[in-house]
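Colleague: Let me see the structure of the following:
(2 chains)
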Amino acid sequence: KAGVTQTPRYLIKTRGQQVTLSCSPISGHRSVSWYQQTPGQGLQFLFEYFSETQRNKGNFPGRFSGRQFSNSRSEMNVSTLELGDSALYLCASSFTYREQFFGPGTRLTVL
Amino acid sequence: QQQVKQSPQSLIVQKGGISIINCAYENTAFDYFPWYQQFPGKGPALLIAIRPDVSEKKEGRFTISFNKSAKQFSLHIMDSQPGDSATYFCAARQGDYKLSFGAGTTVTVRA
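Modeller: Presented below is the predicted three-dimensional model:
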């Protein structure tokens, strides 16, 4: 089975721009979660989607949003980018709510 | 605030030695405690997980010890190898709610 794929792997944007990141879960997985990883804050939960519905949400501003499509693929969007949004964005998919399988991440750099 | 406290931040161990990483939590509703291993440039990978009704779980050289009354759990890496050099994260989850991660421990195994 193919693992979780994330595109693009690297992205450079400037302040004020917006960005969309994509995640394709493992086939058959209906839950997709997004995390932000930074050296200072560690792994922080952004949101989780299950069957196209947002099931859980972390403590991030409204500039961070996401969605899930009927084929379980998910996208997250960050609008009005700030320097502090520079991070590794990780997507994880799961079949049950316990075992989460992570993708390689998208490294976002905001200049 | 961090719901799972992890220590130490980093450790160095000789090849063949034992690495021990500790985590503590406050939320007694947590019912799933996984450990993840992350190599540079990769997403975290599930290593081993335990439920609170089990005091110990072993998979190969990796063992989780769980102390429900103390609200602590730890990862032991026996016979540490250079290939074990990575960052390890403990985590906890309540039902189908989000995973809360510890801050991570960077393990370096010296040959």
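Colleague: Grab the nearest non-local neighbour of A:Arg98.
Modeller: Distances taken as Cβ to Cβ, 6 or more residues apart in numbering or on different chains put B:Tyr32 closest to A:Arg98, at 5.3 Å, once the chain neighbours are dropped. (C-beta placed from N, C-alpha, C; glycine too.)
Colleague: scratch that, A:Arg107
Modeller: A:Arg107's closest residue in space is A:Tyr10 (Cβ to Cβ, 6+ apart), at 4.9 Å.
Colleague: And for B:Met78?
Modeller: Closest to B:Met78 by Cβ to Cβ, 6+ apart is B:Arg61, at 4.6 Å.
Colleague: That neighbour contacts B:Ile48, doesn't it?
Modeller: No. Contact criterion Cβ atoms under 8 Å: B:Arg61 and B:Ile48 do not qualify, at 10.4 Å.
Colleague: In terms of neighbours, single out the busier of those two.
Modeller: B:Ile48 (17 against 14; other Cβ atoms under 10 Å in any protein chain shown).
Colleague: which parts of the helix or strand containing the more buried one are buried?
Modeller: Element membership for B:Ile48, per DSSP states H and E: strand B:45-50. Applying a neighbour-count criterion of 16 or more other Cβ atoms under 10 Å in any protein chain shown, one finds B:46-50 buried in strand B:45-50.
Colleague: what do you get for stretch B:60-73?
Modeller: B:62-66, B:71, B:73.
Colleague: nearest to chain A, of those residues?
Modeller: B:Ile64 (14.4 Å; Cβ to the nearest Cβ).
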